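# fold the stuff below for me.
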Amino acid sequence: MTRLATAAILLAATLTLGACSAAPTPTAEAPTQAPTATIQIAGLSCPLCASNADKSLRRLDGVFDARTNLTTGEVQLWLNPAASPPPTALTDAVLDAGFTVTRGVENQPPPTIAAEPQALTPGEQP
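Just a heads-up that it's a prediction; the model follows:
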């Protein structure tokens, strides 16, 4: 093999491995509320894969944020309650990114806020 061919092979291998080990770019700030939905996906092999899954979901109208856990394959979604994308759009975005959906969209219950007890006035029934 010539030196040029060897150098080309080494460069291609370095670029391929380097792209797979690249750290995902963090979003500007973490969401302040609990996620509104989750999806379970498979096929993640590196942080770049998780980042690609997140980006494909964030491109959809109505998705505020998406965070993929590389270890578990769970994607937490923060959706616009007034204009959430349909579950099929979320699934299609994951499939288009090259991953498999192993558990479809599951909505998370909204956090419950305990109401403060109200004092009863004399003669008032609860």
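
# which residues of the protein fall in strands?
37-42, 63-68, 74-79, 100-107 (DSSP state E).

# next, format those strands as a markdown table and append mean neighbour count.
C-beta: built from backbone N, CA, C; applies to glycine. What follows is those, written out as a markdown table (neighbours: other Cβ atoms under 10 Å):
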| stretch | mean neighbour count |
| --- | --- |
| strand 37-42 | 19 |
| strand 63-68 | 21 |
| strand 74-79 | 21 |
| strand 100-107 | 14 |
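
# all helices in the protein, in order from the N-terminus.
Using DSSP state H, the helices of the chain run over 3-20, 47-58, 87-96.

# hey, least reliable of the ones you listed by pLDDT?
Mean pLDDT values for the helices of the chain show the minimum at helix 3-20, a mean of 51.

# and the closest residue to Asn52 other than its chain neighbours, how many neighbours?
Counting by Cβ to Cβ, 6 or more residues apart in numbering, Asn52 lies nearest to Ala97, which is 5.4 Å off, once chain neighbours are set aside. Using other Cβ atoms under 10 Å as the criterion, Ala97 is surrounded by 17 other residues.

# surely Ala97 is in contact with Ala53?
Yes - counting by Cβ atoms under 8 Å, Ala97 does reach Ala53; the two are 5.4 Å apart.
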